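**Q** Provide a 3D model corresponding to the input given below.
(2 chains)
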Amino acid sequence: MADDIKKIHDRETKWQQRWKDAGVFTPKNDGSKKPFYMLAEFPFPSGKGLTGGHMLIYSGGDVMARFRRMQGYDVLYPMGFDSLGISAEAFATKIGKHPSVVVKDLVQKFTKSMIEMGWSIDLKSQVATSDPEYIKWTQWMFIQFFKAGLAYKSMLPMNWCPHCRTTLTNEELEDGKCNRCHGQVEIREKMQWNLAITKYAQRLLDDLKFVDYPERVKRDQINWIGKSTGADVDFMVGEDKMTVYTTRPDTIFGVTFCAIAPEHKLLAKWLDEGKITNADEVRNYIKESAAKSEFDRTDVTKEKTGVKLGGIMAKNPYTGDEIPVFVADYVLVNYAHGTIMAVPAHDERDWDFAKKFGIKIIPVISGGEPDKVWEGDGEHINSGFMDGMNKVDAISAAIKYGEERGFACPKTRFRMSDWGFSRQMYWGEPIPLVYCEKCGWVPVPESELPLMQPYMEEYQPTEDGESPLARATDWVNTTCPCCGGAARRETDTMPQWAGSSWYYMRYLDPRNDKEFCSREQMEKWMPVDHYNGGNEHNTRHLIYSRFWHKALYDLGFVNTVEPYKKRTTNGLLMGADGKKMSKSAGNGFQVDEKVAEIGADAARTTVLSLGPWDTNVNWSEGALAGVQRFLKRVENMADNLTDEPMAAEQERLVHQLIADMTERLENMRFNTAISAMMEFINAFSGKMPRHAYEVLVQMLNPFAPHMTEEIWEKLGHKEMLVFQPWPTYDAAKLVKADMTIVVSVNGKRAADFQIGVNATNEELTEMAKAVAARKLEGAEIVKTIIVPNKLVNFVIKK
RNA sequence: GCGGAUAUGGCGAAACUGGUAGACGCGCAGCACUAAGGAUGCUGUGGAUAAAAUCCUUGGGGGUUCGAAUCCCCCUAUCCGCACCA
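**A** Predicted coordinates:
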């Protein structure tokens, strides 16, 4: 065995060297072949090295890249590193080295593993988001967005983890706690940069029709964007106008109270003006909700709380009714107006609240059960001009009525909010802006890009949550590019999502120092033909990068509306125990270890054989054993070939294999593709015809490229297998001479028989009757159903 | 709570538009070759029966159909999203 693995390693190194020498993975880019851009989400370097999960996704991507290459495309399969951000910084802190040094080491280490896996990556296109030349263009793009009015600063709550001393986005929270240390998170308010992604919300929705994404991905995006339509309605509270947003203006006659968020400005105003008679109680409630964590506030399983505002009544503009107003923390201050009109009869949350506080409930839609909330549609009642209408008609009637009288207007809203773009972290792109008392926020001149972080030995965040860059006073204090006066640099850095929003274009022109990517390269390669990644990126990364691309498009910097033509998603590679791979569980592995143990070909093939591409699969030593046996058998067959002409059935098997493999790879069904090859060799006993064998070797090449190259060379071929054209099949040759026809009686299988493929229906029926005679005895055949090439079914009556 | 997905042998899984359920692989059993094998090859392997014949079998229950793993309805379990968005 030790000899075997040494032989495998030598062979793999040999071919990796040959591929490198011949530069076969760098696209020709000369127009002689049609380009195909195969993209896999790039890794972020961390101390763990390439893991089992990487092995799965990049092997899958590589099979596709190699498949397309053999199909005659000029393939680009690039790889880079998402090397800014928390994972690199955390690892650097852990081992006590500077992130810039750590990233260099990790890139080398990762690249070595990638080569050892035999992935057909174009190393010439490699980029890392932390490269100064890369940061330059990320910052340049930010400046373009800033100039276009897409970047602005506002007060934003930030989640602050006191233990990790870092800010966290809501997405980085798990159950309301820090996803790294699982400690309690505090909320702090800070002026932070935003990108106006909501301006693109409608287009991000609409343009989904142009892209080939799985339904699930589209659904996730649609939900994330969260479009709703309805109306703003003005309720008067004394002299003050309190606007509420509702998707159900048709239920306005059923409004029996309003509620306002504890942080709402109007509430503070009423308190200041002394209008609230139970001010102490209300103040107390506001204080209590402020003390609650975001997670507790939004925990739907908890009972709703609130306090009625004494002395405050709101007037329903449709009915003139005076209704009570509550402060309640289930109303979110940052959505719509931070106020709601409540219709307990037809909204479950309002129902619960009304029941708890003994508020009146007025049904305005018929169809519900007594003493139960009714959220369905029905004829409107108790609703004045809307009586008798259904939901859809009543909604437009209500809006029209309110609009004519000036207290309502139609409104579309999105749940998605603008992209919080500030991080208080050292290892990110500094936001390239300078603040000048006279000129305001001014971009750093483009000639000064990249604006790098100053080298800091102590780059960890501080306890106050300020960006570490704020401590580099020499760096912070600068002059205004506009007026030359004293100015201060922005000390926040960009989120990790920034660099990953446009990396697919830098791969196309990685060393260009005039542009982030030449127009010529974009025209050739964009949009990305096939982008594979994880489901965890269905919303954030995929939406951010779609937005980024569209913004660049509007500014005239890119040539396509969408960055990715087709998206596929993969499942996760789990440990043999079915649990997520982790150090603590001891069920994971690193790529370099696995390659040392079993070699790249076996690793690649095994990991893709475990199950369907888009579901989670478990690593299995058993599957590995099966694959190793299979590969060994294929290799040994090379010594046992015949040049005798193939029998008709053998020829059919060859065509069938090509047909199956082509179809399965096209759909990334790697597990059944591997089965097809196993079945194929099982179908040959004794010597295998040379042609059949060569086809098999070609089909296996994307999975086990080293072994198959070796065999190919041994078979006497001078050209490398990488560029051999993918074999084609003749549909006419797929037809068997004989077919198996199943005979069933009343749908139950009774017998089967072989017959020539050209048999007529009459012949089939006769034969079927003969074969199933025993079952048909004494019965009347009511009906005969013939499914071509498959079965004959007799419906009988006894 | 809402939304989605999944449920098939001892295990991982196949089964295209309803048409031989369990391909392929693991495991297991037997045989062969061996001094020996955790190597290799061959054979068998959903369950019930000693076997043929037969019957049962795709989480559970109903239905549609000549025929259902597949379509429809109702449950149950697991996993994954979203989480009071008015």
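**Q** residue ranges for the strands of the stretch 51-200 of chain A, please.
**A** Secondary structure of the stretch 51-200 of chain A by DSSP state E, counting those that start in this stretch: the strands cover A:74-76, A:151-161, A:166-168, A:173-174, A:177-178, A:186-195.
**Q** Export the ones you listed to TSV and append columns for mean neighbour count.
**A** Heads up, the C-betas are built off the backbone N, CA and C, glycines and all. Below are the strands of the stretch 51-200 of chain A laid out as TSV (neighbours: other C-beta atoms under 10 Å):
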stretch	mean neighbour count
strand A:74-76	24
strand A:151-161	17
strand A:166-168	23
strand A:173-174	14
strand A:177-178	18
strand A:186-195	16
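**Q** Which of the ones you listed sits closest to RNA strand B?
**A** strand A:173-174 (9.0 Å; C-beta to the nearest atom of the strand).
**Q** before we move on, the earlier item: comparing the strands of the stretch 51-200 of chain A by mean pLDDT, which bottoms out?
**A** Of all the strands of the stretch 51-200 of chain A, mean pLDDT reaches its minimum on strand A:173-174 (a mean of 65).
**Q** follow-up on the earlier one: columns distance to residue A:653 on top of the strands of the stretch 51-200 of chain A, output as a markdown table?
**A** Shown next, in a markdown table, are the strands of the stretch 51-200 of chain A (distance: least, C-beta to C-beta, whole Å):
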| stretch | distance to residue A:653 |
| --- | --- |
| strand A:74-76 | 29 |
| strand A:151-161 | 60 |
| strand A:166-168 | 57 |
| strand A:173-174 | 52 |
| strand A:177-178 | 58 |
| strand A:186-195 | 57 |
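**Q** got TSV for these, with distance to RNA strand B too?
**A** As requested, the strands of the stretch 51-200 of chain A are arranged in TSV below (distance: least, C-beta to the nearest atom of the strand, whole Å):
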stretch	distance to RNA strand B
strand A:74-76	26
strand A:151-161	13
strand A:166-168	14
strand A:173-174	9
strand A:177-178	13
strand A:186-195	14
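**Q** nearest to residue A:88, of those strands?
**A** strand A:166-168 (13.5 Å; C-beta to C-beta).
**Q** and the biggest helix by length in chain A, how far out from the chain's middle?
**A** As assigned by DSSP state H, the longest helix anywhere in chain A is helix A:2-22. On the basis of C-alpha atoms, centre = their mean, to the nearest Å, helix A:2-22 is displaced by 35 Å from the centre of the chain it belongs to.
**Q** tell me which residues in that helix are buried?
**A** A:8, A:9, A:11, A:12, A:15, A:16, A:19 (16 or more other C-beta atoms under 10 Å).
**Q** my read: the third one touches residue A:707, true?
**A** Yes: the pair formed by residue A:11 and residue A:707 meets the contact definition of C-beta atoms under 8 Å, at 7.0 Å.
**Q** which residues are common contacts for those two?
**A** Common neighbours of residue A:11 and residue A:707 are not found (criterion: C-beta atoms under 8 Å, 6 or more residues apart in numbering).
**Q** Just the C-alpha atoms of the one helix or strand residue A:652 maps to, please, in CSV.
**A** Secondary structure assignment for residue A:652, by DSSP states H and E: helix A:648-666. Listed next in CSV are the C-alpha coordinates belonging to helix A:648-666 (Å, rounded to 0.1, in the frame of the first residue of the first chain):
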residue,chain,number,x,y,z
ALA,A,648,-23.2,-4.5,-31.5
GLU,A,649,-24.2,-4.6,-27.9
GLN,A,650,-20.8,-3.3,-26.8
GLU,A,651,-21.0,-0.5,-29.2
ARG,A,652,-24.4,0.4,-27.9
LEU,A,653,-23.0,0.4,-24.3
VAL,A,654,-20.3,2.9,-25.4
HIS,A,655,-22.9,5.2,-26.9
GLN,A,656,-25.1,4.9,-23.9
LEU,A,657,-22.2,5.8,-21.6
ILE,A,658,-21.5,8.9,-23.6
ALA,A,659,-25.1,9.9,-23.6
ASP,A,660,-25.5,9.3,-19.8
MET,A,661,-22.2,11.1,-18.9
THR,A,662,-23.0,14.1,-21.0
GLU,A,663,-26.4,14.5,-19.6
ARG,A,664,-25.4,13.9,-16.0
LEU,A,665,-22.4,16.3,-16.1
GLU,A,666,-24.5,18.9,-17.8
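**Q** what residues does that helix touch?
**A** A:63-64, A:67, A:646, A:670, A:672-673, A:676-677, A:680, A:683-684, A:689, A:691-692, A:695-696, A:699, A:702, A:726-731, A:733-737.
**Q** and these near RNA strand B, which?
**A** residue A:672 (C-beta under 7 Å from any atom of the strand).
**Q** So which of the contacts of helix A:648-666 sit within strands?
**A** Here DSSP state E is the test, and the contacts of helix A:648-666 give residue A:689 as lying in strands.
**Q** and the contacts of helix A:648-666, which are buried?
**A** Of these, these count as buried by 16+ other C-beta under 10 Å: A:63-64, A:67, A:646, A:670, A:673, A:676-677, A:680, A:684, A:689, A:691-692, A:695-696, A:699, A:702, A:726-727, A:729.
**Q** Residue numbers of the stretch 601-750 of chain A in contact with RNA strand B?
**A** Going by C-beta under 7 Å from any atom of the strand, the residues of the stretch 601-750 of chain A near RNA strand B are A:610-612, A:615-618, A:620, A:622-623, A:625-627, A:629-630, A:632-633, A:669, A:671-672, A:674-675, A:678-679, A:682, A:685, A:740, A:742, A:744, A:746-747, A:749.
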